[in-house]
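1. fold the following and give me the result.
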Amino acid sequence: MASKAERARSFGAIAEDYDRLRPTPPPEALDWLVPDGCEVAVDVAAGTGLFTRALAQWVDTVIAVEPDPRMRVVLADRSPGIEVRDGTGESIPLPDASADAVFIASAWHWLDESRAIPETARVLRDGGRFGVLWSSRDRELEWVRELDLAPGEERPLDAVEDQHRTRRDVSNDGAGWFEAVERRSFAFTRRMTPSDVVDMVATYSRVITAAPEQRTVILAKARRLLLDQYGDAAEIDFPMRTWCWRGDRITR
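-> Numbers count the residues shown, from 1 in each chain. Sure, this is the predicted structure:
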């Protein structure tokens, strides 16, 4: 089984597929996350820039921070006008109190919270917004939760919820650093072909790092589940959801 570090860096190998297939949050989520008057926002662990480009529609200056050079290549190529920097959530390459908002999209669970929370607080201006979000297939639907499971593999709902809560929640709500903490989720659909949904499932780390034979079995099961749900439809409205956490930097 791949280690957490190996899984965290596995996405660079499929960077172009990741950018093509992974979802971006709906406008309602950005409207809820981005604070009024935000002039400088930082997208940490920006990947290929999916959230970066969405954020740039709301904020004049967006800085994307990403540690994987393979992801940065796609990010820079597909995000003209965006400043791209090498860095991590534990070591953000920006001065103290230099940003109005810091966001981490679909990557919080890969970070060391004990270092990332104070580092984010360092970069934020007093009152600045910290947002953690996770956009994915809507795992609140049972059949959708099963898409990346091998036949016979099961995960109890409570275990699934505990696992995925870590992807969108900040420990202790960032106590001592953040206030006015709120959570919200936004359901939406994305028009896709069933084949693209299967290819999207293949961009998740547990599938990327699986043995080839295991990956083949998982994706075959995903195809069967989609066939059961949608028949031979050429395109489907696939259920997605963005889970969000936000808090504001306590005055120093």
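2. contacts, neighbours, all on C-alpha from now
-> Noted.
3. who are the packing partners of the longest helix belonging to the chain?
-> In the chain, assigned by DSSP state H, the helix with the most residues is helix 212-230. Applying 3 or more CA pairs under 8 Å, 6 or more residues apart in numbering; DSSP states H and E, one finds that helix 212-230 contacts helix 194-201, helix 205-208.
4. let's have the ones you listed in CSV, adding mean pLDDT and mean neighbour count.
-> Converted to CSV, these look like this (pLDDT from 0 to 100; neighbours: other CA atoms under 10 Å):
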stretch, mean pLDDT, mean neighbour count
helix 194-201, 97, 19
helix 205-208, 91, 18
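5. so for Trp110, which of those sits nearest?
-> helix 205-208 (11.1 Å; CA to CA).
6. just the C-alphas of that closest one, formatted as CSV.
-> What follows is helix 205-208, C-alpha atoms only, in CSV (Å, rounded to 0.1, in the frame of the first residue of the first chain):
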residue,chain,number,x,y,z
SER,A,205,-4.8,8.7,-5.3
ARG,A,206,-6.0,5.3,-4.1
VAL,A,207,-6.7,4.3,-7.7
ILE,A,208,-3.5,5.9,-9.1
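7. will you turn the helices and strands packed on helix 212-230 into TSV that also has distance to Arg70?
-> Shown next, in TSV, are the helices and strands packed on helix 212-230 (distance: least, CA to CA, whole Å):
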stretch	distance to Arg70
helix 194-201	18
helix 205-208	15
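8. worst mean pLDDT across the helices and strands of this protein, which element?
-> Ranked by mean pLDDT, DSSP states H and E, the weakest helix or strand in the chain is helix 157-165, scoring a mean of 57.
9. gap between the helix or strand following that helix and the chain center?
-> Helices and strands here follow DSSP states H and E; after helix 157-165, the next one along the chain is strand 178-192. In terms of CA atoms, centre = their mean, to the nearest Å, the gap separating the centre of strand 178-192 from the centre of its chain is 11 Å.
10. buried sites along strand 178-192?
-> Phe178, Glu179, Val181, Arg183, Phe186, Ala187, Phe188, Arg190 (16 or more other CA atoms under 10 Å).
11. one more: stretch 11-29?
-> Quick answer for stretch 11-29 (16+ other CA under 10 Å): 11-12, 15-19, 21-26, 29.
12. which residues touch it?
-> Stretch 11-29 is contacted from outside by 48-51, 54, 68-71, 74, 135-136, 185-186, 188, 190, 196-197, 199-200, 203-205, 208, 240-242, 244, using CA atoms under 8 Å, 6 or more residues apart in numbering.
13. what's the answer for stretch 184-194, then?
-> 23, 26, 28-29, 138, 223, 226, 233-245.
14. same check on stretch 139-159?
-> Contacts of stretch 139-159 (CA under 8 Å, 6+ apart): Arg137, Asp138, Val201, Val207, Gln214, Val217, Ile218, Leu219, Lys221, Ala222, Leu225, Arg241.
15. quick check on the closest residue to the fifth one other than its chain neighbours: phi, psi?
-> Distances taken as CA to CA, 6 or more residues apart in numbering put Ala150 closest to Gln214, at 7.4 Å, once the chain neighbours are dropped. Comment: the main-chain dihedrals of Ala150 come out as phi -80, psi 160, following degrees, to the nearest 10.
16. can you check Pro95 too?
-> When read as degrees, to the nearest 10, the backbone of Pro95 gives phi -70, psi 170.
17. residue contacts, the closest residue to it other than its chain neighbours?
-> If the residues on either side of it in the chain are set aside, Pro95 comes closest to Val123, at 6.2 Å by CA to CA, 6+ apart. Listed by CA under 8 Å, 6+ apart, the contact set of Val123 reads Ile92, Leu94, Pro95, Asp96, Ala97, Ser98, Ala99.
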